[in-house]
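>>> pasting the sequence and the predicted coordinates here, then a few questions.
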Amino acid sequence: MIALFAIIFLALAFDYINGFHDAANSIATIVSTRVMSPRAAVLWAAFFNFVAFLVFETHVAGNIAKGVEAHWISLTLVGAGLMGAIVWNLLTWWWGLPSSSSHALLGGVAGAAVYKARSFACLDLAFFRKTAAFIVISPVLGAILGFLAMSLVMKIFGGTAPRKIDRGFRTAQLLSASLYSLGHGGNDAQKTMGIIMMALVTTNHLAKGAHVPLWVVLLCHTAMGLGTMSGGWRIVKTMGMKITKLQPVGGFCAETSGAITLFAATALGIPVSTTHTITGSIIGVGSTRKLSAVRWGVAGRIVWAWILTVPAAAAVSAGSYAIARACGAAP
């Protein structure tokens, strides 16, 4: 029982880190456009991160809980997977790179499982292939929607005085930021729920395929909300100020496009990266002015972080599992 509590605590620690690591996803645009102060923005985002459980069903959590074949799962494996995700998240936060907490977690769990089984057959490969496909699909879709939304707004309001546009979209951005934070909470918090479900099923506290208990849902949304309230200022600067210069109208289009992508993925039960999604949306919005408006050097560093996330988290988790085995804590 103590081991189970330790794993749940570690999972909630990851969820908290996910919150402050990915706070930039929810607030970077609204802070960089000066619609909200940083402190007000994180409180706003944290609130909508938390209430997302009232809107979305737990399809993502259920899919993650089934991502590894049940007979391979153990508390040690879950703990090793969480360590891989936590270490990579903290490193990329320190470097100010907006990497994917989602893919760090999936890479961590997969790395420990493959090391234990010595085979990829222990994974639900169809689920992981679909998730891998969305590493590309979510930022591309975000970029396309961001470009189209910004182009449409420019066409509709092209003859309107800039001051009037700015005033109107400052108000509209409050709505778009809340929708994006809602989508962020709905998709990301469910990943930790899925990990806790793994631990509960493997210790026979829940039957395989059971619904996510309400206490797990509330704990995960609370941990993510508290993490978001802590902010992730290093990454906020990268997301909101270094990729491209945003005005309220651009922030609105980026957040709305990202929210549409997240809502669709969550409804389909696909764990996507909110980082990838909003980055793609910001690039799409910036490219409507001219391609040189996007700082491609910064974007390139971000893409490299995306590429390295899964293998890096997997390597750390496999190493953690190997250490546990050497210490006699794992078979």
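Received, thanks. Everything numeric in this text was worked out from a predicted model, so none of it was measured.
>>> contact partners for A61?
Q190, K191, M193, G194, M197, V212 (Cβ atoms under 8 Å, 6 or more residues apart in numbering). Using the backbone N, CA and C atoms, a C-beta is placed for each residue, glycine as well.
>>> phi, psi for T266 please.
When quoted as degrees, to the nearest 10, the phi and psi of T266 stand at phi -70, psi -40.
>>> might one say that it is in contact with H59?
Yes. Shown here, T266 and H59 form a contact pair, counting by Cβ atoms under 8 Å, at 7.1 Å.
>>> of these two, which one has the most company?
For the pair T266 and H59, the greater number of neighbours falls to T266 (26 against 17), based on other Cβ atoms under 10 Å.
>>> the closest residue to I270 other than its chain neighbours: what's it in contact with?
Spatially, and ignoring its direct neighbours in sequence, I270 is nearest to F134 (5.6 Å; Cβ to Cβ, 6 or more residues apart in numbering). Applying Cβ under 8 Å, 6+ apart, we find F134 in contact with A265, I270, V272, S273.
>>> so which of the contacts of A61 is the closest to L219?
M193 (8.6 Å; Cβ to Cβ).
>>> next one: that closest one relative to R118, how far apart?
The gap separating M193 from R118 is 29 Å, by Cβ to Cβ, to the nearest Å.
>>> who's more crowded, these two?
More crowded of M193 and R118, by other Cβ under 10 Å: M193, with 25 against 8.
>>> out of the helices and strands in the chain, which is least certain?
The weakest-scoring helix or strand in the chain, judged by mean pLDDT, DSSP states H and E, is helix 233-237 (a mean of 52).
>>> verify the stated contact: S317 with G84.
Yes. Counting by Cβ under 8 Å, S317 does reach G84; the two are 2.9 Å apart.
>>> so for the two, which residues contact both of them?
G107, G108, V109, G111, A112.
>>> list the contacts of the residue nearest to A149 when sequence neighbours are not counted.
Nearest-residue entry for A149: C253, 4.0 Å, with adjacent residues in sequence omitted and distances by Cβ to Cβ, 6+ apart. Each residue near C253 by Cβ under 8 Å, 6+ apart is listed here: G146, A149, M150, V153, S176, S281, V285.
>>> for the fourth one, helix, strand, or coil?
Each residue gets one of three states, and V153 gets helix by DSSP: H, G, I helix; E, B strand; the rest coil.
>>> number of nearby residues for it?
Residues near V153, counting by other Cβ under 10 Å, number 20.
>>> what's the answer for the second one, then?
Applying other Cβ under 10 Å, we find 24 other residues in the vicinity of A149.
>>> just give me how far the helix or strand containing it sits from the chain centre.
Per DSSP states H and E: A149 is located in helix 125-156. Remark: helix 125-156 is offset 15 Å from the chain centroid, using Cα atoms, centre = their mean, to the nearest Å.
>>> what sits up against the helix or strand harbouring L12?
According to DSSP H and E, L12 maps onto helix 2-21. With contact meaning Cβ under 8 Å, 6+ apart, helix 2-21 is reached by 46, 49, 75, 78-79, 82-83, 85-86, 89-90, 92-93, 101, 105, 188-189, 191-192, 195-196, 199-200, 203, 205, 219-220, 223-232, 235.
>>> again, 6 Å this time
Contacts to helix 2-21, defined as Cβ atoms under 6 Å, 6 or more residues apart in numbering, come from residues 75, 78-79, 82, 85-86, 89, 93, 101, 188, 192, 195-196, 199, 203, 220, 223-224, 226-228, 230, 232.
>>> would you mind checking those for buried ones?
75, 78-79, 82, 85-86, 89, 93, 101, 188, 192, 195-196, 199, 220, 223-224, 226-228, 232 (16 or more other Cβ atoms under 10 Å).
>>> for M197, see how far away G111 is.
For G111, the distance to M197 (Cβ to Cβ) stands at 19 Å.
>>> oh, I was asking about T33
T33 is 38 Å from M197, by Cβ to Cβ.
>>> the two: who's more crowded?
Neighbour count, other Cβ under 10 Å: between T33 and M197, M197 has more, with 27 against 23.
>>> and the next element down the chain from the helix or strand where that one lies?
M197 is located in helix 162-202, with elements delineated by DSSP H and E. Using DSSP H and E, the next helix or strand after helix 162-202 towards the C-terminus is helix 214-230.
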